[in-house]
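**Q** Next one to model:
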Amino acid sequence: MKDKFYQYIQDLQDTITSKLEAIDGKAQFKQDIWERPEGGGGRTRVIENGKVFEKGGVNISGVHGKLPKSMQNYFKVGDVDFFACGLSLVLHPKNPMVPTVHANWRYFEMYDENHNIVDQWFGGGQDLTPYYLFEEDAQHFHQTCKTACDKHNPDFYPNYKARCDEYFYNAHRNEARGIGGLFFDYCKATDNMSMENWYDFVTEVGNSFLEAYVPIVEKRKDLPYTKKQRDWQEIRRGRYVEFNLVHDKGTLFGLKTNGRIESILMSLPPHVQWVYDHSPEPNSEEEKLLEVLKNPKDWV
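**A** Numbers count the residues shown, from 1 in each chain. Model (predicted):
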């Protein structure tokens, strides 16, 4: 399974980066091949200072070795070996009318001293972080997620949408990071879902990403915007940074397994503001967004 999924994310990385370069029309992804001393490595691809994408990364990795003590405590296991692979992407568009997007699809195995698999699971998801709320964009993104889920189980979309709203939440701000999407983790074999079934589901979601995001980018990337709207985008990006550094489990896992720091922090935007005690004007488009972030809604 690990070889099959690792090949899948390599192919998906090629597909996604090629499409995004075509949309940007100016910048291209810079590739960085890296190795992890303890075992494994990855292929980082970063785009910067483009016409559409101010910064973005589409990264894959496959790492293995002894599970560090800190992560043994987290997973409540003893001395075990592990293998983890996944594709993680974050795109920060230049135009504040275009939402930031994040996605991740991953697979994990743990082994005993005889290298027998003692645990394995899939995880992942995709979520949208707009700076200005276009309800038709939110509906399109969520409908694409729901369509992918419904092909496998009608309970998946409502369950994983709810988990996404719960997970991507800045508790210290009492607001969501964005308008959600899907979040699923620890997807293990059961009587109803084999690991092959989970592979089919996760790859279905991965394959839906461009369909979910690209039409939104193409619709909004050439809209005019003001300096004030750009400032709002950078203030909201600050909340994105706060979530990734304070709450995100993927960042924590990477840091505690001696992951490559440049790839882990690729998700951080290049231009950010923290304005003291900032509040949007009453009845403004900015306030409209905050209302949804404080009270997540059903989009489909």
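**Q** which residues sit in contact with Q72?
**A** By CB atoms under 8 Å, 6 or more residues apart in numbering, the contact set of Q72 is 78-80. Every residue, glycine included, has its C-beta placed from N, CA and C.
**Q** do G181 as well
**A** Neighbours of G181 in contact, by CB under 8 Å, 6+ apart: 125-128, 141-142, 145, 161, 164, 212.
**Q** mind checking the SS state of D200?
**A** Per DSSP: H, G, I helix; E, B strand; the rest coil, the secondary structure class of D200 is helix.
**Q** Any figure for the gap between the closest residue to it other than its chain neighbours and G206?
**A** Excluding the flanking residues, the one nearest D200 by CB to CB, 6 or more residues apart in numbering is H152, at 6.9 Å. H152 sits 13 Å away from G206 when distances are taken as CB to CB, to the nearest Å.
**Q** Those two: which is more packed in?
**A** Higher neighbour count among H152 and G206: G206, with 23 against 17, using other CB atoms under 10 Å.
**Q** and that one, that's in a strand?
**A** No - counting by three-state DSSP, G206 falls outside a strand, being helix.
**Q** For the residue lying closest to N258 once chain neighbours are set aside, give me its contacts.
**A** Leaving aside its sequence neighbours, N258 sits nearest to E38 (CB to CB, 6+ apart; 6.1 Å). Residues counted as contacts of E38 (CB under 8 Å, 6+ apart) are 63, 65-66, 257-258.
**Q** just the strands in the protein please.
**A** Ranges of strands in the chain, per DSSP state E, are 30-35, 40-48, 53-66, 81-93, 100-111, 117-129, 169-170, 175-176, 180-187.
**Q** any chance of those strands in JSON lines, plus distance to L289?
**A** JSON lines is the format used below for these (distance: least, CB to CB, whole Å):
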{"stretch": "strand 30-35", "distance to L289": "32"}
{"stretch": "strand 40-48", "distance to L289": "26"}
{"stretch": "strand 53-66", "distance to L289": "19"}
{"stretch": "strand 81-93", "distance to L289": "16"}
{"stretch": "strand 100-111", "distance to L289": "13"}
{"stretch": "strand 117-129", "distance to L289": "10"}
{"stretch": "strand 169-170", "distance to L289": "14"}
{"stretch": "strand 175-176", "distance to L289": "10"}
{"stretch": "strand 180-187", "distance to L289": "13"}
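**Q** Any idea which of those gets closest to E21?
**A** strand 40-48 (7.3 Å; CB to CB).
**Q** And the closest one, what does it pack against?
**A** Where contact means 3 or more CB pairs under 8 Å, 6 or more residues apart in numbering; DSSP states H and E, strand 40-48 is packed against helix 2-24, strand 30-35, strand 53-66, helix 261-264.
**Q** Could you dump those into a markdown table and include mean neighbour count?
**A** Listed next are these as a markdown table, based on neighbours: other CB atoms under 10 Å:
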| stretch | mean neighbour count |
| --- | --- |
| helix 2-24 | 17 |
| strand 30-35 | 12 |
| strand 53-66 | 22 |
| helix 261-264 | 16 |
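**Q** Tell me which of the ones you listed lies nearest to E285.
**A** Nearest to E285, of all the helices and strands packed on strand 40-48, is strand 53-66, at 20.8 Å by CB to CB.
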